[in-house]
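A.B. asks: Whatever this is, show me its structure:
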Amino acid sequence: MTASPTPHSPIRLVRGLSLLGAVALIVGNMVGTSLYTLPASVAKAAGPFGIVAWLFTAVGYFFVALVYASLGTRYPRTGGPYVYAREAFGEFAGFQTVWAYWFSAVIGNAAIVTGVIGYAAGFSPALGESVWLQFGLAQALIWGLCLINVIGVKQSARLQIAIMFLNFVPLITLMLLTLPSFDSANLTPFAPKGFGSLAAGAALVVWAYSGIESATVPAEEVQRPERTIRRGTMLGYALGTMVFLLSAVAVAGVLPNDIIASSPRPVALAVERAVGPVAGTVIGITAMIAGAGTLNGWILMAGRIPLAAAQDGIFFRGLASIHPRFGTPHVGLITGTAVASVMLLMYFVKTLLGVFEFIVLLSVLTTLLPHLFAAASELMLARRDPERYTPGERRRAHIVAPIAFVFVLYTMYGVGAEVVLWGFLVILAGTPLYVWFATRDGSVGASEAGRSTREQARRSGQAGTSG
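C.D. replies: Numbers count the residues shown, from 1 in each chain. Down below sits the predicted model:
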């Protein structure tokens, strides 16, 4: 038994996310601490062969981006992957998706702020030596950005757009200036861990591409979602990929692999060596700005990921609350920030880099499950609901969705047995919650509620498409 799906709140979300805002959200969620910190982890896992891991992941995520561009346009309801999984496979699949995705977002925010603090520590010896200062600064940053997001999506989007330009202009300029110092000797040996290290390297790079689906999650706040979600997703993918590949080649070619692998700020070190100490300082400042943008974007996401599931009665109902004045999911925003805040207690048991790597891998696994469901949902919905697709779009879905599914499955394998174990324990631990959510009222049969919710989502998607 399960309760009837809760209808959309009479307090409406505000459509304040333009195409530029959607692109900035995607790019900001991708090009942040991942770009500035991940080269160290990738170098440790794969050596210079990590360049191939970046390229391989970029190709794979092209198909994932196509999946989200397609589904986000056809089913423009807040929640993104949850909406597609439930529409295609029912409420239990929807619950597994939202549980894993929400968990990934809220603990991932702890990793993001850790990356920001890592770069800030390079400017302050006192900060680098004091765990208490690191902890306090991290708390101030996440709660300050939470407040901005509670005030409104327009305010958050404006901040995201400003950060995108402050990040991109100096970063691309300095990466181009770094390339002339490329030394092929730094790429020897090219694959010290063997070619099998591709899976481990790709699993780390997946963290950089977390956020490719960002435009689909706040769908009901996107202006003209039938066009903006598709265009924003593909533009965000293209810009992010360009910066990732440029930076990966520049860093690997300028620094020896062992130096990259041992540094929490490898991009800044590469620029310092190639251009000079002032340029390294600029990159350090840019890294902190970019990290703040990523954190801002993922705090926005964490508040919206569970919204539709909470409205449907299969997640914590309080997370469906919309602020009567600001039109934002304020309870979801505050709750997600509180979980990340607690995760930062790991500062007292691990090094900064150790905290970052462990949280990244756990977060990667739990964000890959929603991608897996999204790819499978695209194939299912293209076959089951052909009226939503043209014949050409259906044929394309039969190619794109399976490739995306196999790619995501491979990267899940690459995170390693220990992280897979922890990740799937997290996912399975949510099952008793689903039982509670699905039976707490006991007034309507599960199948009847599922049909009702899918019909409601279908009507919402049709209304958004005609919008």
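
A.B. asks: Pull the distance from the helix or strand harbouring I259 to the chain's centre.
C.D. replies: Assigned by DSSP states H and E, I259 belongs to helix 257-261. Taking CA atoms, centre = their mean, to the nearest Å, one finds helix 257-261 lying 26 Å from the centre of the chain it belongs to.

A.B. asks: How about that helix, which residues are buried there?
C.D. replies: Within helix 257-261, the residues that count as buried by 16 or more other CB atoms under 10 Å are 257, 259-261. In short, each C-beta sits where N, CA and C put it, glycine included.

A.B. asks: what comes up buried for the helix or strand hosting V52?
C.D. replies: Secondary structure assignment for V52, by DSSP H and E: helix 50-74. Neighbour-count burial for helix 50-74 flags 50-58, 60-74 (criterion: 16+ other CB under 10 Å).

A.B. asks: Can you name the next helix or strand after it?
C.D. replies: helix 81-89.

A.B. asks: What are the contacting residues of that next one?
C.D. replies: 71, 75, 77, 93-94, 96-98, 101, 213, 216, 219, 305-306, 308-309, 312, 370-371, 373-374, 376-378, 380-381, 384, 450, 453-454, 457-458 (CB atoms under 8 Å, 6 or more residues apart in numbering).

A.B. asks: how about 6 Å then?
C.D. replies: 71, 75, 77, 93-94, 97-98, 101, 308-309, 370, 373-374, 377, 380-381, 454, 457 (CB atoms under 6 Å, 6 or more residues apart in numbering).

A.B. asks: Show me what the helix or strand following it packs onto, helices and strands only.
C.D. replies: Later in the chain than helix 81-89, the nearest helix or strand by DSSP H and E is helix 91-121. Packed against helix 91-121 by the contact rule (3 or more CB pairs under 6 Å, 6 or more residues apart in numbering; DSSP states H and E) you find helix 33-46, helix 81-89, helix 125-129, helix 131-151, helix 277-304, helix 330-343, helix 352-384.

A.B. asks: Mind checking those helices for the one nearest to V406?
C.D. replies: Closest to V406 of the helices and strands packed on helix 91-121 is helix 352-384 (CB to CB; 8.6 Å).

A.B. asks: buried residues in the very next helix or strand once past the closest one?
C.D. replies: Next helix or strand after helix 352-384 toward the C-terminus (DSSP H and E): helix 391-414. By neighbour count with 16+ other CB under 10 Å, helix 391-414 contains the buried residues 396-397, 400-401, 403-405, 407-408, 411-412, 414.

A.B. asks: Helix or strand with the lowest mean pLDDT in this protein?
C.D. replies: Sorting the helices and strands of the chain by mean pLDDT, DSSP states H and E puts helix 446-466 at the bottom, at a mean of 46.

A.B. asks: if we can go back for a sec, which one of the buried residues of helix 391-414 is nearest Y434?
C.D. replies: Within these, proximity to Y434 (CB to CB) peaks at M412, which comes in at 21.4 Å.

A.B. asks: Model confidence score at the closest one, please.
C.D. replies: pLDDT recorded at M412 is 83.

A.B. asks: wait, isn't it in contact with L368?
C.D. replies: Yes - with contact defined as CB atoms under 6 Å, M412 and L368 form a contacting pair (5.0 Å).

A.B. asks: on that earlier part again, show me what the helix holding I259 is packed up against.
C.D. replies: With contacts defined as 3+ CB pairs under 6 Å, 6+ apart, helix 257-261 has these neighbours: helix 33-46.

A.B. asks: Can I get the helices and strands packed on helix 91-121 in CSV including mean neighbour count, distance to P391 and mean pLDDT?
C.D. replies: As requested, these are exported to CSV (neighbours: other CB atoms under 10 Å; distance: least, CB to CB, whole Å; pLDDT from 0 to 100):
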stretch, mean neighbour count, distance to P391, mean pLDDT
helix 33-46, 27, 38, 83
helix 81-89, 27, 20, 95
helix 125-129, 12, 59, 83
helix 131-151, 18, 42, 92
helix 277-304, 25, 34, 89
helix 330-343, 21, 40, 91
helix 352-384, 23, 11, 80
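
A.B. asks: Of those helices, which is nearest T178?
C.D. replies: helix 277-304 (8.3 Å).

A.B. asks: Taking helix 91-121 as reference, get the angle to the closest one.
C.D. replies: 150 degrees (axes from the mean of the first three to the mean of the last three CA atoms, to 10 degrees).

A.B. asks: relative orientation of helix 277-304 and helix 330-343 in degrees?
C.D. replies: Using the same axes, to 10 degrees: helix 277-304 against helix 330-343 is 130 degrees.

A.B. asks: Run through the neighbouring helices and strands of helix 277-304.
C.D. replies: helix 19-30, helix 33-46, helix 91-121, helix 131-151, helix 153-178, helix 266-274, helix 330-343.

A.B. asks: and the shortest one, C-alpha only, in PDB?
C.D. replies: It refers to helix 266-274. In PDB, the C-alpha atoms belonging to helix 266-274 read as follows (Å, rounded to 0.1, in the frame of the first residue of the first chain):
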ATOM      1  CA  PRO A 266      48.400  20.300  -9.600                       C
ATOM      2  CA  VAL A 267      46.900  22.800 -12.100                       C
ATOM      3  CA  ALA A 268      48.400  25.700 -10.200                       C
ATOM      4  CA  LEU A 269      51.800  24.000 -10.000                       C
ATOM      5  CA  ALA A 270      51.800  23.400 -13.800                       C
ATOM      6  CA  VAL A 271      51.000  27.000 -14.500                       C
ATOM      7  CA  GLU A 272      53.600  28.300 -12.100                       C
ATOM      8  CA  ARG A 273      56.300  26.200 -13.800                       C
ATOM      9  CA  ALA A 274      55.300  27.200 -17.300                       C
END
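
A.B. asks: buried set for that helix?
C.D. replies: Going by neighbour count (16+ other CB under 10 Å), the buried part of helix 266-274 is 266-274.

A.B. asks: now it, how far from the chain's geometric center?
C.D. replies: The chain centroid and the centroid of helix 266-274 are separated by 26 Å, computed with CA atoms, centre = their mean.

A.B. asks: Report the rounded mean pLDDT for it.
C.D. replies: pLDDT averaged over helix 266-274 gives 89.

A.B. asks: Same check on the fifth one?
C.D. replies: Helix 153-178 shows a mean pLDDT of 90.

A.B. asks: going on from it, what's the next piece of helix or strand?
C.D. replies: Next element after helix 153-178 (DSSP H and E): helix 198-209.

A.B. asks: Residues in contact with that next one: which ones?
C.D. replies: Applying CB under 6 Å, 6+ apart, the set of residues contacting helix 198-209 is 34, 38, 41-42, 45-46, 50, 53-54, 56-57, 61, 244, 360, 364, 411, 413-415.
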